[in-house]
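In: Sequence plus predicted model, see below.
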Amino acid sequence: MPAILRKITSAYKRSVQIRLTSYFLIILVPLVAVSIFASLRSEQILERKVNEQTRIALSSAMEAIDMTMNNIENMSMALATDTNLNELLSRENSHLTADMTMDFNKVLNQLSNMNSVNNYLTQFSIFHAYSETVLSSRYGGRRMDGLRNQPWYDELLNSGGKRLLLIPRADEFDSYQQLDQTFQPGYVTLMLAMDPFKPDVRKHVLMITLSSSHLQKHLDTLVHANNASVYLMNSDNRLIAGTNPDVTPPQWTTGSDYTVNRQSGQSGDPEMLVRYRSAVSGWTIMMVKPASAMYAEINQLRTFMYVIISMSFLLSLVISWVVYQGIASPLRTLAYGMKQVRIGQLNTNLPHRREDEFGYLMQSFNEMALEQKHLIKNNYEQQLLRLNAELRVMQSQINPHFLYNTLDSIYSMAENYEAEEITEMVLNLSKFFRLSLSKGQDEFTVAETIEHLQYYLTVQRIRFIDKLSVSVQIDEASKSCLVLKLLLQPIVENAILHGLEQKKKDGHVKIDCRVEQGKLRLEVSDNGKGISLERLGYIRDELSRLSLHADKVWEHEIRRHDLYGLWNVKARLKLYYGDPAELTIDSIENEGTTVVLWIPIGGAYESRDRGRRASAAE
């Protein structure tokens, strides 16, 4: 779960679309909550109103049934306490006699008269306990043995003069007993002992029988749909009558008089159950009808509510997408363009077909990127041209300097020697200049550089006769390394002119070329007069001021005359090879001076930097 939450949180933070959608959905939450609450509340209100209306109808039907049963009870009490009837039934013979027959006929006449007056009753019957004869207003007299052994008879004798309601069940009485409708299912019989307040071992029983169909008429007025059912039950929950007597009424599971049974319906659908209990008789009327009929209109409204909520969610998604396309998507495109420019893709061009503020912003960004590209290109080109111009100026300044010294040597030799030496000097001088031009090339290999330097050294050896000796050591690995031309010549010239010129004899210049620490190491050392510590410190401080980014210092110092050779060499090193290139100088006064050039292997700084900047500009 935490992993899922982290993913959701990460997506929420990274995606504007998800945030916009979430905001719109959050706005819908109150609408959905209010809609659901209104639906549930309206359902409760409808259930309460339907319950009230149904209970009013059930109470009206129950009042009619109670009135009927009260009439029957009043008639039963009047007949049970009738002195004449009790006198006619007072004979205790177990067999019919002529007198008993006469008395029974009088009793039947009176019962028939009562039945004719109350024709909604099925029959009036009296069970003569001594002869076990049933006197019925419908069937006359008939002997029925075994009735005194029935449980209802004992219950009636022990009731203390109370009435007993007999509701026969199927198979409760045998077929012979069911010949009398009193003991047939579908009939309700009110039983009362004759002369109920007179104690006697044997009691005659008055039975007033009512068909359940008569009670059913009161229930039928409550049913307005074919799929509704109404049941009438006594205080013991025994079914008396019902619109669907073949179906067992559902069990009542709550103490309330109203409930919605959502799982136990006969058709599997929710059912609405409403009951009304009579305070007089204790009987209960229960109505069962499908809840779908009650919820039909609410379900229709609920369907509309669900459609509206679904459309709201859909519109939220669509609106969030439209807003994203209208606002967040241009910002994302602009952020992408800025990222491309940041990594050097200056050709980035964002679409700006929009005419609003975002379109103006996109167009301004494109113009800015194009202008930046032109500025960088012009700046790089100008810087490269300036660097090349400075390099050319420095090289052109070296050549005249050497030329002046050489011509001075030729002049001196012409005064002191024969023409052969002058011819040799001029020849070597011409070779030196010819290689210096080198058809526009800027770099020589180390081997070519030493060959070129030998022409210069030959001229100097002729000039100084036996005062100068030169030794050259070249590491085999360094011969093919490229070196900027005329880089060693100023160093060697300084060693000869400033270090050895005043030396009478045994002047020696040593040149050493090797690969060390991944760089090309060029060393020029002499055994001349050396440099004092104060002068050496000054030279090192001045040379340390040079840097690849110190353009203004170069422009000022390039016209200097002090330390011209060393300054020129280091400036060319920095311009051509960059910061990795370095020049170091060490000297001991009256012992000699050593100058070391450290050059990176792999090409000039100018070509590497030009390629890098060109790729960045693209």
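Out: Nice, thanks for sending it over. Residues are numbered from 1 along each chain as shown.
In: so when I look at L350, I'm seeing a helix, right?
Out: No - counting by DSSP: H, G, I helix; E, B strand; the rest coil, L350 is not part of a helix but coil.
In: what's near enough to touch the residue in the chain sticking out farthest from the centre?
Out: Seen from the C-alpha centroid of the chain, the residue lying at the greatest distance (Cα atoms, centre = their mean) is A98, 102.5 Å away. Contact criterion Cβ atoms under 8 Å, 6 or more residues apart in numbering gives no residues in contact with A98. Placement of C-beta: from N, CA and C, glycine included.
In: From E92, how far off is it?
Out: A98 sits 16 Å away from E92, going by Cβ to Cβ, to the nearest Å.
In: now do N109
Out: On the measure of Cβ to Cβ, N109 and E92 end up 22 Å apart.
In: now do R48
Out: As it turns out, when the distance is counted by Cβ to Cβ, R48 lies 62 Å from E92.
In: swap in T303?
Out: 77 Å.
In: can you check T594 too?
Out: Using Cβ to Cβ, one gets 164 Å for the distance from T594 to E92.
In: what does the domain assignment say about the protein?
Out: Annotated domains of the chain cover 43-210, 217-294, 376-617 [automatic domain parsing].
In: Serialize these to CSV and add fields for distance to Y360 and mean pLDDT.
Out: As requested, those are arranged in CSV below (distance: least, Cβ to Cβ, whole Å; pLDDT from 0 to 100):
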stretch, distance to Y360, mean pLDDT
domain 43-210, 56, 86
domain 217-294, 61, 75
domain 376-617, 24, 74
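In: W321 is nearest to which of those?
Out: Put simply, out of the domains of the chain the one that sits nearest W321 is domain 43-210, at 35.7 Å, with distance taken as Cβ to Cβ.
In: Need the distance between the two termini of that closest one.
Out: End-to-end span of domain 43-210 (Cα to Cα, to the nearest Å): 41 Å.
In: and that domain, how far from the chain's centre?
Out: For domain 43-210, the separation from the chain centroid amounts to 77 Å (computed by Cα atoms, centre = their mean, to the nearest Å).
In: ok, how many other residues are close to Y23?
Out: Y23 has 12 neighbours, counted by other Cβ atoms under 10 Å.
In: Beyond the strand or helix carrying it, next helix or strand please.
Out: Using DSSP states H and E, Y23 sits in helix 16-80. Counting by DSSP H and E, the element after helix 16-80 in chain order, helix or strand, is helix 83-88.
In: how about that next one: buried residues?
Out: For helix 83-88, burial by neighbour count (16 or more other Cβ atoms under 10 Å) applies to L85, L88.
In: for stretch 35-44, same thing?
Out: Buried, per 16+ other Cβ under 10 Å, within stretch 35-44: S35, S39, E43.
In: Distance to S544 for those - can I get that in TSV?
Out: Putting the buried residues of stretch 35-44 into TSV (distance: Cβ to Cβ, whole Å) gives the following:
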residue	distance to S544
S35	82
S39	87
E43	92
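In: give me every residue that touches I496.
Out: Applying Cβ under 8 Å, 6+ apart, one finds that I496 lies in contact with Q460, F464, L468, G507, V509, D526.
In: Sitting in helices, which of the residues you listed do you find?
Out: Secondary structure assignment by DSSP state H places Q460, F464 of the contacts of I496 in helices.
In: Filter the contacts of I496 down to just the buried residues.
Out: Applying a neighbour-count criterion of 16+ other Cβ under 10 Å, the buried members of the contacts of I496 are Q460, F464, L468, G507, V509, D526.
In: With distance to E582 added, can I get those in CSV?
Out: As requested, the buried ones among the contacts of I496 are arranged in CSV below (distance: Cβ to Cβ, whole Å):
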residue, distance to E582
Q460, 27
F464, 31
L468, 28
G507, 27
V509, 22
D526, 20
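In: Now flag whichever of these is closest to A193.
Out: Each of the buried ones among the contacts of I496 was scored against A193 by Cβ to Cβ, and D526 proved nearest at 157.9 Å.
In: Just grab the bridge partners of that closest one for me.
Out: Counting by DSSP bridges, D526 is bridged to V509, T593.
In: Would you mind measuring from the nearest residue to N590 once chain neighbours are set aside to K467?
Out: Nearest in space to N590, with sequence neighbours left out and distances taken as Cβ to Cβ, 6 or more residues apart in numbering, is G530 at 5.5 Å. As for G530, its distance to K467 is 17 Å (criterion: Cβ to Cβ).
In: residue ranges for the strands of the stretch 151-300 of the chain, please.
Out: With DSSP state E, counting those that start in this stretch, the ranges of strands along the stretch 151-300 of the chain come out as 164-166, 187-193, 205-211, 229-233, 239-242, 258-261, 271-277, 284-290.
In: Which among those is found nearest to L85?
Out: Taking these one by one with Cβ to Cβ, strand 205-211 is closest: 8.5 Å.
In: Now do that closest one and strand 187-193, the angle between them.
Out: Here strand 205-211 runs at 160 degrees with respect to strand 187-193, directions being taken by axes from the mean of the first three to the mean of the last three Cα atoms, to 10 degrees.
In: Sheet partners, orientation included, of strand 205-211?
Out: Strand 205-211 has these partner strands in its sheet, going by DSSP bridges: strand 123-128 (antiparallel), strand 187-193 (antiparallel).
In: Identify the residues contacting the first one?
Out: Residues external to strand 123-128 that are found in contact with it (Cβ under 8 Å, 6+ apart): 79, 85, 89, 104, 107, 111-112, 114-115, 133-139, 144, 147, 180-182, 194, 204-209.
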